[in-house]
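Build me a model:
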Amino acid sequence: MTSPFISVGELADALSGPTPPAVLDASFVLHPAKADGDYRTDSGLPLWLESHIPGSVHVDIPSQFSDPTATLHYTHPEPQAIADELARLGIREGREVVVYDATGTLFAARLWYLLRWIGVPVRVLDGGFAAWKTAGERTESGEGRAPEPVPAWQASAVRTAWVSRSELVERSADDPRPLVCGLPAGAFTGADPTRYSRRGRIPGSVNVSSRDLFTGDGHVKTRVELVLAYDAAGIDVSEDSEEVLLYCGGGISASANALTLAAIGKKAVRIYDGSLEEWSADPSLPLEVGEPTS
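As a prediction, this is how the structure comes out:
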């Protein structure tokens, strides 16, 4: 099994090799909600301008890798739109891509999920930019030279990646597929303020906080720790088990769940892209609050 992660040492070696990967910095700041409905973000571009991996290009997930016509944040674009943006960034079909961020790996995971959906060979830098700096690798600052676009290339989905609201609404109570919320425990129980319309979780879901799957310094936890975290929520992550359905607030934290599941060999996953932003906005759809009763 090929890991979806790449280490600092592996990336440094690859960048000095004959066919270096394209490196994309997906840093983006999504602030914690201080009150219900508090949705604040900041571009990650200033962080990249201050310091970044040499040769990397900063990308903005909301504007470059989301559907500009959608009413929800971060809604995935069509496969061809992703490929067209990669071509604009100078990335040819089949070229290896490494993604990272300086903001906790969640947005790097989102970009990984989108690129993997259309078959791009992509990995995430384990530990993100902090690990790169800690290892003493060279960094750059400022804009640098803009990438040279390459001719557009054709793309299509190579795997199923998304679960719709209607499918979850119609999902029966005895559906064996686990529905996993990747938000922190306080958001899952409704104890903490929410960025969205209402607090709570989708009924029948369980909680595996994606942030808890990484160490304090940003590295992905060991395989054993990941398996135990999912097992504690009652999720069978063996390769031939039922697919896992994922959601969060807007499809970002859930992408980190998908990334960690891929790291332990579980690839049958789909993300509810609208997540709680869409679900909570419809007052006819139920939400549960408080600690789960079972």
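
Could you list the low-pLDDT ranges of the stretch 101-250 of the chain?
Along the stretch 101-250 of the chain, segments meeting pLDDT under 70 are nowhere present.

Just the helices from it, written as ranges.
106-117, 128-134, 165-169, 185-189, 223-232 (DSSP state H, counting those that start in this stretch).

winner for burial among those?
Highest mean neighbour count among those (mean count of other Cβ atoms under 10 Å): helix 106-117, with a mean of 26. To be clear about C-beta, it is placed using only N, CA and C from the backbone, and glycine gets the same treatment.

what's that helix packed up against?
helix 61-64, helix 79-88, strand 97-100, strand 122-125, helix 253-263 (3 or more Cβ pairs under 8 Å, 6 or more residues apart in numbering; DSSP states H and E).

I'd like to know which elements the first one is packed against.
Spelled out, that is helix 61-64. helix 106-117.

contacting residues around the helix it packs on?
4, 24, 26-28, 30, 44, 59, 61, 65, 74, 76-77, 79, 82, 86, 97, 99-101, 122-125, 128, 157-159, 161, 210-211, 251-253, 255-256, 258-259, 271 (Cβ atoms under 8 Å, 6 or more residues apart in numbering).

Counting neighbours, which bits of stretch 76-91 end up buried?
His76, Pro77, Pro79, Ala81, Ile82, Ala83, Asp84, Glu85, Leu86, Ala87, Leu89, Ile91 (16 or more other Cβ atoms under 10 Å).

Now for the fifth one: which residues touch it?
Looking back up the chat, that one is Ile82. Applying Cβ under 8 Å, 6+ apart, the residues near Ile82 are Phe65, Leu114, Leu115, Trp117, Ile118, Ala155.

Could you report the neighbour count for the first one?
What that stands for is Phe65. 22 (other Cβ atoms under 10 Å).

Which residue is the nearest non-sequential neighbour of it?
Leu114 (5.7 Å; Cβ to Cβ, 6 or more residues apart in numbering).

From Gly290, how far out is that neighbour?
As judged by Cβ to Cβ, to the nearest Å, Leu114 and Gly290 stand 34 Å apart.

if I look at Gly90, how far off is Ala109?
23 Å.

Same check on Ser284?
Applying Cβ to Cβ to Ser284 and Ala109 gives a distance of 31 Å.

for Val180, same thing?
For Val180, the distance to Ala109 equals 14 Å [Cβ to Cβ].

got it, and Leu259?
Leu259 is 4 Å from Ala109, where distance means Cβ to Cβ.

joint contacts of these two?
Val124.

Trp279 is in contact with Leu285, isn't it?
Yes: in terms of Cβ atoms under 8 Å, Trp279 counts as a neighbour of Leu285; the distance is 5.4 Å.

More neighbours: the two, which one.
Trp279 (23 against 15).

Who are the contact partners of the more buried one?
Arg165, Leu168, Ile202, Tyr247, Tyr272, Leu285, Leu287.

Sitting in strands, which of these do you find?
Those of those mapping onto strands are Tyr247, per DSSP state E.

Pick the one among the contacts of Trp279 closest to Thr139.
For the contacts of Trp279, the closest approach to Thr139 (Cβ to Cβ) belongs to Tyr247, at 35.5 Å.

and that closest one, what is it in contact with?
Taking Cβ under 8 Å, 6+ apart, we find Tyr247 in contact with 168, 179-182, 202, 205, 254, 271-272, 275-276, 279.

how close does it get to Glu278?
Distance from Tyr247 to Glu278, by Cβ to Cβ: 10 Å.

Can you add distance to Ala146 and give the helices and strands packed on helix 106-117 back as TSV?
Shown next, in TSV, are those (distance: least, Cβ to Cβ, whole Å):
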stretch	distance to Ala146
helix 61-64	14
helix 79-88	10
strand 97-100	18
strand 122-125	22
helix 253-263	27
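
how about those, which one is nearest Ser241?
helix 253-263 (10.8 Å).

Mean confidence (pLDDT) on the closest one, please.
Here helix 253-263 scores 98 as its mean pLDDT.

So what touches that helix?
Against helix 253-263 from outside (Cβ under 8 Å, 6+ apart): 3-5, 105-106, 109-110, 112-113, 124, 180, 182-183, 208-211, 213-214, 220-221, 223, 226, 230, 237, 244, 246-248, 267, 269, 271-272, 275.
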